[in-house]
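Peer 1: here is the input, now give the coordinates:
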Amino acid sequence: MSAGPGSPVVSGSAPPTGGFVRRVGLFQATAINMSQMCGIGPFVTIPLMVAAFGGPQAVIGFVAGAVLALCDGLVWAELGAAMPGSGGSYVYLRQAFQYRTGRLMPFLFVWTAMLFIPLIMSTGVVGFVQYLGYLAPGLGQTSGDLIGLGVIALVVLLLWRGIEHIARITAVMWTVMIASVLLVIVAAASDFSPHLAFTYPAHAFDLTSDHFWLGFAAGLTIGIYDYLGYNTTAYMGAEIKDPGRVLPRSILFSILGIMAIYLLLQIGTLGVIDWHRMTNPDDIASTSVASAVLEKTWGKGAADTVTVLILITAFASVFTGLLGGSRVPYDAARDRVFFRPYEKLHPKHRFPMLGLATMGVITAIGFLIGRHTDLATLIQLLTTVMVIVQALAQIVALTVLRRRQPALKRPYRMWLYPLPSIVAFAGWCVIYGYADRNSPGRHPIEWSLAWLALGCVAFLIWARLEKVWPFGAREISEEYLTPDEAVVV
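Peer 2: Numbers count the residues shown, from 1 in each chain. Have a look, this model is predicted:
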């Protein structure tokens with residue numbers, strides 16, 4: 001509700017659902033999260049994790065990533081249960097920071113999402129080309145670049161159609177993804193060597209060594225990248241049945257389930273392939289470790305078959321990511337929190353054209369960056385971009401909302417508050433603070449700050465055009481409170 005300059009008025013209303021129907025139960029919600037979490041990530045990051053730690057103790061990275069995901073997941077759980085609308089962080093930041101900075105924070109979230117979502121997708125394309133190199137060992141740099149760009153173009157082309165066709169495609173690719181993960185785990189278990197998996201180099205756990213902590217910071221970054229997606233159901237809160245109960249459980253169950261899968265995959269792989277091979281850039285195990293596991297256990301034919309499944313998995317991760325990501329600027333533009341051209345839909349198939357096209361282009365740019373630097377640098381860049389506006393700001397938002405909206409119904413309240421918030425905040429700060437040290441010469445922190453500064457400039461331009469704060473009235477709407485619970489600020 002608009003208010004005059006200098007006299008903002010808080011309004012309350014019924015929680016919005018945007019016309020959605022609450023049909024998604026606990027099992028489906030957990031499956032949605034897990035399917036988003038378990039894409040191409042673990043197939044391409046196991047060698048990166050081993051290189052970061054310098055040995056089989058790399059399992060620490062996946063455990064540390066799970067701890068950070070659990071603590072951060074509790075933040076999502078409380079916010080999502082209390083405000084079960086469509087939009088996730090966009091909703092929480094809008095509600096928490098509207099009192100001081102109007103629509104700045106939700107705008108910056110969409111602005112950064114326009115970068116970090118396609119950057120995540122670009123890692124999937126990098127992984128696709130890496131595993132294609134197993135089937136085509138002579139694949140050169142230029143050929144790989146052209147194939148990757150072709151994959152991105154194909155994804156955008158497939159998404160340039162009605163959602164009813166996309167649902168069938170997604171179901172098939174999700175099945176293939178699960179099959180590829182399980183086949184690698186079973187293959188590793190069939191020829192597992194405890195000696196390979198649990199023989200550590202000297203000083204592997206020397207906590208006084210800078211090398212250990214630098215490796216830990218790099219491993220934590222890789223680990224949380226692999227767990228990203230545990231918050232998917234928070235973005236579709238308006239479609240969750242009994243969200244106060246289902247949404248928090250779906251987040252926790254999916255993190256624990258994926259942690260078990262990742263540990264089986266990591267330990268199983270280390271029990272088949274000597275970790276030294278994973279750190280040798282000339283060895284196929286450093287780029288296609290899952291294929292190397294299948295070749296050693298079940299032979300070249302099985303390795304080729306599973307590699308094809310992994311290629312489909314990589315394609316599926318890019319496909320589903322751009323499908324959901326392209327809707328983020330559309331939802332914001334429709335709610336007048338982003339540039340209006342992004343709210344236009346295809347006249348026939350009713351999908352957001354500009355959002356899809358923009359993210360397709362950024363995915364292509366990110367892919368070329370990853371191909372001509374390295375995948376670890378690309379992961380560092382995408383995590384630093386999302387840390388400030390989403391991760392850290394959202395943790396602060398939880399505390400702000402507890403103070404600003406004490407009457408807000410909270411079906412789930414964070415266990416041991418504020419300890420998980422503090423652990424999550426510290427974990428994200430470690431990832432951000434060590435980004436430059438883990439990527440010498442790449443400057444991911446500087447790039448993330450530059451993108452944030454550019455976002456602030458874009459916000460001022462947009463705010464001027466829309467005549468909103470700081471160039472117009474502040475709009476405060478406590479939409480998850482009743483009118484009696486809303487207060488005048």
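Peer 1: and the strands in the stretch 351-489 of the chain, which stretches?
Peer 2: Using DSSP state E, counting those that start in this stretch, the strands of the stretch 351-489 of the chain run over 476-478.
Peer 1: so where's it uncertain?
Peer 2: 438-442, 483-489 (pLDDT under 70).
Peer 1: which residues of it fall in helices?
Peer 2: 353-372, 375-386, 393-404, 419-433, 435-438, 444-466 (DSSP state H, counting those that start in this stretch).
Peer 1: give me the most central residue, this protein.
Peer 2: A centroid search over the chain (CA atoms, centre = their mean) returns Leu228, at 3.8 Å, as the residue closest to the centre.
Peer 1: residue contacts, it?
Peer 2: Shown in contact with Leu228 (CB atoms under 8 Å, 6 or more residues apart in numbering): Gln36, Met37, Gly41, Ile120. Every C-beta, even on glycine, is put in place using the N, C-alpha and C of the backbone.
Peer 1: return the member of these nearest to Leu135.
Peer 2: Checking the contacts of Leu228 against Leu135 with CB to CB, the nearest one is Gly41 at 20.4 Å.
Peer 1: which non-adjacent residue is nearest Met359?
Peer 2: What sits nearest to Met359 in space, not counting adjacent residues and going by CB to CB, 6 or more residues apart in numbering, is Pro118, at 4.5 Å.
Peer 1: do you know the pLDDT at that neighbour?
Peer 2: Note for Pro118: predicted pLDDT of 89.
Peer 1: with Gly299 instead?
Peer 2: Reading off the model, Gly299 has pLDDT 93.
Peer 1: let me know which of the helices of the stretch 351-489 of the chain is tucked in deepest.
Peer 2: helix 375-386 (a mean of 25; mean count of other CB atoms under 10 Å).
Peer 1: other SSEs contacting that one?
Peer 2: Here helix 375-386 touches helix 41-53, helix 104-135, helix 210-227, helix 353-372, helix 419-433, helix 435-438, helix 444-466, going by 3 or more CB pairs under 8 Å, 6 or more residues apart in numbering; DSSP states H and E.
Peer 1: next SSE after the third one?
Peer 2: Think helix 210-227. helix 232-235 (DSSP states H and E).
Peer 1: return the distance of the helix or strand just after that next one from the chain's centre.
Peer 2: Downstream of helix 232-235, the next assigned helix or strand under DSSP H and E is helix 243-270. Between the centre of helix 243-270 and the centre of its chain there are 15 Å (CA atoms, centre = their mean, to the nearest Å).
Peer 1: can you give me the buried ones in helix 243-270?
Peer 2: Of the residues in helix 243-270, 243-244, 246-255, 257-259, 261-262, 264-270 count as buried by neighbour count, 16 or more other CB atoms under 10 Å.
Peer 1: stretch 27-40 too?
Peer 2: By 16+ other CB under 10 Å, the buried positions in stretch 27-40 come out as 28-40.
Peer 1: kindly report the same for stretch 301-312.
Peer 2: Ala302, Ala303, Val306, Thr307, Leu309, Ile310, Leu311, Ile312.
Peer 1: which strands or helices does the helix or strand in which the third one is found pack on?
Peer 2: Read it as Val306. Per DSSP H and E: Val306 is located in helix 300-325. Contact analysis of helix 300-325 by 3+ CB pairs under 8 Å, 6+ apart lists helix 41-53, helix 104-135, helix 141-159, helix 163-190, helix 289-298, helix 353-372 as its packing neighbours.
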